[in-house]
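> Build me a model from this:
(one chain, ligands or ions: 1)
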Amino acid sequence: MPVGSVVSSLHHYGDDVSHLLGSARSFVAASGYQQPLLYLSRDQLRANVRRFMAAMPSVAPHFAVKANPDPRVLAVLRDEGVNFEIASGAELNLLLELDVRPELIFYSNPIKSETYLREAANWGVQWYGVDSVAEVQKIHRIYPGASLYLRISTSNLGSAWPLEGKFGVGTRDARAVMSECARLNMDLAGITFHVGSQCSNVHNWRQGIRSARLYFRRMEEQGLVPRLLNIGGGFPVCMTSGVPTIEEIGTVINRELASFDPSIRVIAEPGRNLVASAGCMVTQVIGTAVRNGQHWLYLDTGVYGGLMELNERFHYPIITDRRGAMRNWTLAGPTCDSIDVCIKNQLLPATMRSGDLIYLPYTGAYTACCATAFNGFPIPDVVVV
Ligand SMILES: Cc1ncc(COP(=O)(O)O)c(C=O)c1O
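Purely as a prediction, here's the structure:
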């Protein structure tokens, strides 16, 4: 841990994050602080990819572009042999500009606009996620030669950002989708699921893979030929205690996969795990206030500026160089909106004041790319080193 810093979390982060912090500090010291920034390390991106691949050698990672669509990040991942998962035509275009071959791109958003579908089909994207009869019919109208994978619902228990409910079919709806594919002669050839983002419960993957095995049997009964198992995203970063490492998750997944026919292609869609620990947000205190005995710390970025995940469930370490007796603070963003409050009861030095910098490691995913300039506050600069 760097000398003189205060870390809000009890968890001891690793050397890689300490190194990133030191390097972000030096960058700001040398260039001067102008506005919030996300400092990203290419070396750490590479290390994360290699670790993921080593933990699950038979699983091909397709990076979920939504987690960090910065072209410089995508280029590093591409060069490390990672393939991609997209949610929109804009994400497809980013990859095409980087000369990623369309056959390496999976379109997993279960609901796709007709315009995006046409674009993807014209470029030669072959694989599409579905979870409704209407989506199968839409794809059939636009690209009858597509290959499909069915998103099933699975437990999201133990994930910090659950995704269940909005997407994923249960048994009865799955049967309807399979029948429609069989009727239309559509190539439904895979199963996918998502265990929820920042998932600490390895059992969710075990259960998802076991369910997929049962669904494969049902597909075969309908005359469909399963070829793809897509185990989705949700792989966490170890920023607090109690989070399993990628190796621990890999051990469970590899064991489950051992009983699958080797002809089944297995992919995953990690987003957060590949990029989060490569990034460190730097933000500045712009004001303090006391309201009804509660102490408020206003930052130059907040929920709208990329910190929508900074809350009790996503407890990023919050690091400042100020020392001294601690007190509870409520951390809020700079906009006039009352939802722009990040976290309550955050222990930080009582002497925090305007101009102090705050460093937030593990913020390489779902931060700068989620930011808006609402109220005229600038979105974070992204610095890639
Ligand atoms: C279809 C799909 N795949 C993968 C991901 C990536 O998830 P994570 O960043 O938790 O790995 C998401 C995230 O929302 C998703 O919707």
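> Next, whichever residue of the stretch 1-150 of the chain sits closest to the ligand: phi, psi?
Minimum separation of the stretch 1-150 of the chain from the ligand (CB to the nearest ligand atom) falls at Ala64, amounting to 3.5 Å. Where C-beta positions appear, they are placed from N, C-alpha and C, glycine not excepted. Ala64 has phi and psi values of phi -80, psi 100 when expressed as degrees, to the nearest 10.
> please renumber so the chain begins at 514
All set: I'll call the first residue 514, so the last point we hit is now Ala577.
> What residues does it make contact with?
Neighbour list for Ala577: Glu598, Ala600, Ser621, Gly746, Glu782, Pro783, Gly784 [criterion: CB atoms under 8 Å, 6 or more residues apart in numbering].
> and the ligand, which of those reach it?
When these are checked against the ligand using CB under 6 Å from any ligand atom, the ones in range are Glu598, Ser621, Gly746, Glu782, Pro783, Gly784.
> can you tell me which of the residues you listed are in helices?
The members of these all map outside helices under DSSP state H.
> how about the residues you listed, which pair is most distant?
Spatial extent of the ones next to the ligand among the contacts of Ala577 (CB to CB) is set by the pair Ser621 and Pro783 at 12.3 Å.
> In this protein, spot the helix with the most residues.
Identified as the longest helix of the chain according to DSSP H is helix 715-734.
> I'd like to know which elements it is packed against.
helix 684-697, strand 700-705, helix 759-770 (3 or more CB pairs under 8 Å, 6 or more residues apart in numbering; DSSP states H and E).
> Does the ligand have contacts with it?
No - Helix 715-734 does not reach the ligand (CB under 6 Å from any ligand atom); its nearest approach is 11.6 Å.
> hmm, who's touching the lengthiest strand in the chain?
Criterion DSSP state E: the longest strand present in the chain is strand 792-804. With contacts defined as CB under 8 Å, 6+ apart, strand 792-804 is touched by 530, 533-534, 537, 541, 546, 549-554, 581, 808-814, 819-820, 847, 865-878, 880-881, 893.
> Can you get me a residue count around Met794?
Using other CB atoms under 10 Å, Met794 has 26 neighbouring residues.
> Please name the bridge partners of it.
Leu551, Leu873 (DSSP bridges).
> you'd agree Ala673 is in a helix?
No - using DSSP: H, G, I helix; E, B strand; the rest coil, the secondary structure at Ala673 is strand, not a helix.
> Ser790 touches Val530, doesn't it?
Yes - using CB atoms under 8 Å, Ser790 is in contact with Val530, at 6.2 Å.
> Overlap of the contact sets of those two?
With CB under 8 Å, 6+ apart, Ser790 and Val530 have common neighbours Pro874, Tyr875.
> Neighbour count for the two, which is higher?
Higher neighbour count among Ser790 and Val530: Ser790, with 27 against 22, using other CB under 10 Å.
> Give me the buried subset of the contacts of strand 792-804.
By neighbour count, with 16 or more other CB atoms under 10 Å, these hold 530, 533-534, 537, 541, 549-554, 581, 808, 810-814, 819-820, 847, 865, 869-878, 880-881, 893 as buried.
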